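[1] My questions are about this predicted structure, shown below with the sequence.
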Amino acid sequence: MGDPTSQVGKARTTDHLACYGIVFVARSADLAADLLHVPSMSLPQLASPGLDSAFLISCQQALTGKKVPKDLDSLAVRRVAGTRGRGSTAVHLFACSADLRDLLSSLSERRARELALRWPSLTDPGASRESDIAERARPGARLDGHSQHRVKLLTQLVGLSRMAKTADRSLMLRVEYHRRRTA
């Protein structure tokens, strides 16, 4: 074992993992597997930094009130393709379950906003006090950046889910992970 004091005062090199997700509508999960490349702009889609399978799993958890397993093949999403994580970039493709697609498509815009504002308490009970949630939900209340981002994502996700359900198509998620070394 090395001397732990030998690292004192020295910058440590760490890995920072960033992700960028694209949710899109596809004819089927099987046909979408070749879409490890960025989906065509002709497909209805939404893209966002930080959007990954954990967000969709949390959506299902928040909508059903049930704890969802956070493994790669959960009840909410199923990994259908991916690249090896060697090097600095990895890409994974997920298919959303029909249940999650249908739950999302049934949300009204108002309910999607409420869900986004209550997000911390729905996905991690005890994370937010009811008074904080009530203040954020008040009409005209200023929202922090995270709440604004979740409202936008959920509203767009509801729209895509409706398109997918109406056309009897799959809701897919492509996530690109980048590893950056920082000192």
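    Nice, I can see it.

[2] Show me the helices in this protein, by range?
    With DSSP state H, the ranges of helices along the chain come out as 29-32, 53-64, 98-105, 109-117, 119-123, 130-137, 145-166.

[3] So for the second one, mean pLDDT?
    This means helix 53-64. Per-residue pLDDT over helix 53-64 has a mean of 86.

[4] Confidence-wise, which helix or strand of this structure is lowest on average?
    None of the helices or strands of the chain scores lower by mean pLDDT, DSSP states H and E than helix 130-137, at a mean of 53.

[5] Adding mean neighbour count and distance to Val175, write the helices of the chain out as TSV.
    Quick note: C-beta positions are derived from backbone N, CA and C, even for glycine. What follows is these, written out as TSV (neighbours: other Cβ atoms under 10 Å; distance: least, Cβ to Cβ, whole Å):
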stretch	mean neighbour count	distance to Val175
helix 29-32	16	13
helix 53-64	20	7
helix 98-105	19	16
helix 109-117	17	20
helix 119-123	19	18
helix 130-137	13	28
helix 145-166	18	14
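
[6] Go through those helices and name the closest to Val77.
    Closest to Val77 of these is helix 53-64 (Cβ to Cβ; 4.9 Å).

[7] can you tell me which of the helices of the chain comes nearest to Val38?
    Checking the helices of the chain against Val38 by Cβ to Cβ gives helix 29-32 as the closest, at 12.4 Å.

[8] Distance check, Pro49 against His178.
    Noted for Pro49: a distance of 10 Å to His178, by Cβ to Cβ, to the nearest Å.

[9] Ok, Ala112 next?
    29 Å.

[10] Low-confidence stretches in this structure?
    Applying pLDDT under 70 to the chain flags the ranges 1-15, 29-37, 68-74, 85-86, 122-143, 181-183.
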